[in-house]
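A.B. asks: fold the stuff below for me.
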Amino acid sequence: MKTFWSRFALMAGNFAVGISVLGPAGMLRELADGLQVGIHDAGLLVTFGAVILCVGSPVMVWLTTRIDRRLLLAGTLSVIALGEAASALAPTYAFVLAVRLIMLVVAAIYTPQAASTVSLIVPGRDRASAISFVFLGWSIAVAGGLPLVTFFATHFGWRMTYGIFAAISLSIAALLMLVVPKGLRGHPLSLQSFADIARNRPIVLMLLLTLLHTSGQFTVFIYLAPLLEKLTGAGPAVAGSYFAMLGVAGFVGNVIATSIVTSLGTLRTLALFLGAILSGLTLWSLGAGLLPVMGAGVVIWGLGFAASNSMQQARLVAAAPPLASASVALNTSVLYVGQAVGSGVGGLLYASGAFWAVGYIAMVFVAAACSVLAATWNGKT
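C.D. replies: Purely as a prediction, here's the structure:
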């Protein structure tokens, strides 16, 4: 039972981090209007934040690997709560951006360290499913968090929404202090750990796959609400429902992945859910302008949204257990690079009025990820 609550708290922490990282996507219009900037500028809160996260993740893991995980993870969420509270009181766009960048330097610690922490708690045979469970927090952040962000921002304003973020993060920090075992520490890491990874071709290709499929998804994801408005005339309520569909499908997909990975294997499970992402984005693109078709595309895409990354994390842990903290941190870093690339490309296309092209560019990225998987297929990992 104690192991369950530890896993639950680690998963809940990923929910808080997911909402902090992705939250602006659910209230781009409110942020833009409230801070007197354009939609593209509001989207840059995600893009610039992702750049900070991609640099900060491996660096912070290296710097903090010897710290007690309970104190480290609870402290990380406490700092996030402070940053969100400051954002709620921010007078200008520049202040929001500065606070967000500082906050995300610390937030970069959480996701990789949560994955490596749960691998210290559970037996080796349960590691893949436990890591997948912890990453459900990101799925729930999209499924329940972003629709609520859209609702609260529309009805109560973006400042109140940031205040809610702060309360959630602080509450989960307290839970982590209560249920995560004391004294957990990972394998000591050195710069040599990252050099060893750079020379490991299978791991490098896994990281490339993460970069490509994440870039593709975030080309559409960050601008999903304004794209729906431009392509169909849909308002915030429809955008919120689409975020909910994507997130619920992501949650379901991750649950399915958790249940089948032991028998099917991580590689085949990953292939299944990458195919779902590509199929969903293809349907979104071909059906652009037709809400029911785009909605069906979002649901199919959503099935692979979180499961694909969970399988990637499990593959990395299995590929080189002594390097797991470093490889998972690098994968998280590359995931944030993908967020920056995708949101940057999507933002440029949106700003230039190429709304119809966004989905097709996303498809190219994900198709390239599938090609990397096919080229490196060994039937096992």
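A.B. asks: tell me which other helices or strands the helix or strand where residue 194 lies touches.
C.D. replies: In this structure, residue 194 sits in helix 191-198 according to DSSP states H and E. Contacts defined by 3 or more C-beta pairs under 8 Å, 6 or more residues apart in numbering; DSSP states H and E place helix 191-198 against helix 39-64, helix 201-221, helix 324-351. Backbone N, C-alpha and C define where each C-beta goes, glycine included.
A.B. asks: and of those, who's closest to residue 158?
C.D. replies: Closest to residue 158 of the helices and strands packed on helix 191-198, according to C-beta to C-beta: helix 39-64, at 9.7 Å.
A.B. asks: related to what we said a few turns ago, quick check: angle from the helix holding residue 194 to helix 39-64?
C.D. replies: With axes from the mean of the first three to the mean of the last three C-alpha atoms, to 10 degrees applied, the angle from helix 191-198 to helix 39-64 works out at 120 degrees.
A.B. asks: against residue 79, how distant is the nearest residue in space to residue 27 that is not next to it in sequence?
C.D. replies: Nearest residue to residue 27 in three dimensions, chain neighbours excluded: residue 153, at 3.5 Å (C-beta to C-beta, 6 or more residues apart in numbering). Applying C-beta to C-beta, to the nearest Å, one obtains 23 Å for the distance of residue 153 from residue 79.
A.B. asks: who's more crowded, the two?
C.D. replies: Summary of the neighbour comparison: residue 153 and residue 79, criterion other C-beta atoms under 10 Å, with residue 153 having more neighbours (25 against 18).
A.B. asks: ok, now which ones touch the residue nearest to residue 27?
C.D. replies: Neighbour list for residue 153: 26-27, 30-31, 161 [criterion: C-beta atoms under 8 Å, 6 or more residues apart in numbering].
A.B. asks: most neighbours, which of the residues you listed?
C.D. replies: With neighbours defined as other C-beta under 10 Å, the most crowded of these is residue 26; it has 30 neighbours.
A.B. asks: who's in contact with that residue?
C.D. replies: Listed by C-beta under 8 Å, 6+ apart, the contact set of residue 26 reads 145-147, 149-150, 153, 225, 240, 243.
A.B. asks: can you pick out the most distant pair from the residues you listed?
C.D. replies: Across the contacts of residue 26, the two members that end up farthest from each other (C-beta to C-beta) are 145 and 225, 14.2 Å apart.
A.B. asks: most tightly surrounded among the helices and strands packed on helix 191-198?
C.D. replies: When neighbours are counted by mean count of other C-beta atoms under 10 Å, the highest per-stretch mean among those falls to helix 324-351, a mean of 25.
A.B. asks: and it with helix 191-198, angle?
C.D. replies: Compare the direction of helix 324-351 with that of helix 191-198 by the same axes, to 10 degrees and you get 60 degrees.
A.B. asks: after helix 324-351, which helix or strand is next?
C.D. replies: Scanning the chain past helix 324-351 towards its C-terminal end, the next helix or strand to appear is helix 357-375 (assignment: DSSP H and E).
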